[in-house]
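*Asks:* Could you look at this predicted model? Sequence included:
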Amino acid sequence: MNYLYILLGILILIVIYIVYSYNRLISMRNMVDTAYSNIDTLLQKRFDLVPNLVSTVKGYMKHERELLEEITRARSDWMNASTIQENAGADDVASKALKSIFAVAENYPDLKANQNFMMLQEELVGIENKIAYSRQRYNRTVLSLNIAVQQFPTNILAKIFKFETREFFEVESDKIREAPSVKIYGDGQ
């Protein structure tokens, strides 16, 4: 009779562990989805500002046409992205191009004094900081989920209930990691 109670107790503990682990995996998956959604929302805000930035800057930066086109292309790539890698690639290209625009703007005193440009620059800098924080948060939640999905004995439940590891939001190529180059044009160029 005592063995029956011990066996029943062990069975109850196993069921409690399974329920706890399953709910923990669900919670972690939802945290990853929420963190990614936050990045997506911030990228949308950033890319909504891009047309305003391009139109404000266009008249001043005649020599930097390819830089403006690069930002517009990155916006289009982001809107058409279907994977985290594509999204991250478009995000990184846009970040680099925006940094280049702000660096090049130093050569245009009238542009630097333009109220719209200053306001857009300030707003974009704030969004860039939020994006960086959100990417870190997303990667932390992905790391936690991936560890839980891969560690024993939770990995058994993860396989049974089809929980999978997620991709990190990271830079794809060394070229994107490079610092932006700034071309300075003289009066005659």
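*Replies:* Cool, got the structure.

*Asks:* looking at this protein, which helix or strand does the model trust least?
*Replies:* Here the helix or strand of the chain ranked lowest by mean pLDDT, DSSP states H and E is helix 174-177, holding a mean of 48.

*Asks:* in the protein, what spans have low per-residue confidence?
*Replies:* Where the chain drops to pLDDT under 70, the residues are 62-64, 171-189.

*Asks:* Following element in sequence after the helix or strand harbouring residue 17, please.
*Replies:* According to DSSP states H and E, residue 17 maps onto helix 2-58. Going down the chain from helix 2-58, the next helix or strand is helix 65-80, by DSSP H and E.

*Asks:* which of the residues in that next one are buried?
*Replies:* Neighbour-count burial for helix 65-80 flags 67-68, 70-72, 74-75, 77-78 (criterion: 16 or more other C-beta atoms under 10 Å). Backbone N, C-alpha and C define where each C-beta goes, glycine included.

*Asks:* got these as CSV, with distance to residue 12 columns?
*Replies:* What follows is those, written out as CSV (distance: C-beta to C-beta, whole Å):
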residue, distance to residue 12
67, 65
68, 65
70, 61
71, 59
72, 61
74, 55
75, 55
77, 53
78, 50
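
*Asks:* still on that earlier bit, next, the angle from the helix holding residue 17 to helix 65-80.
*Replies:* With axes from the mean of the first three to the mean of the last three C-alpha atoms, to 10 degrees as the basis, helix 2-58 and helix 65-80 are set at 150 degrees to each other.
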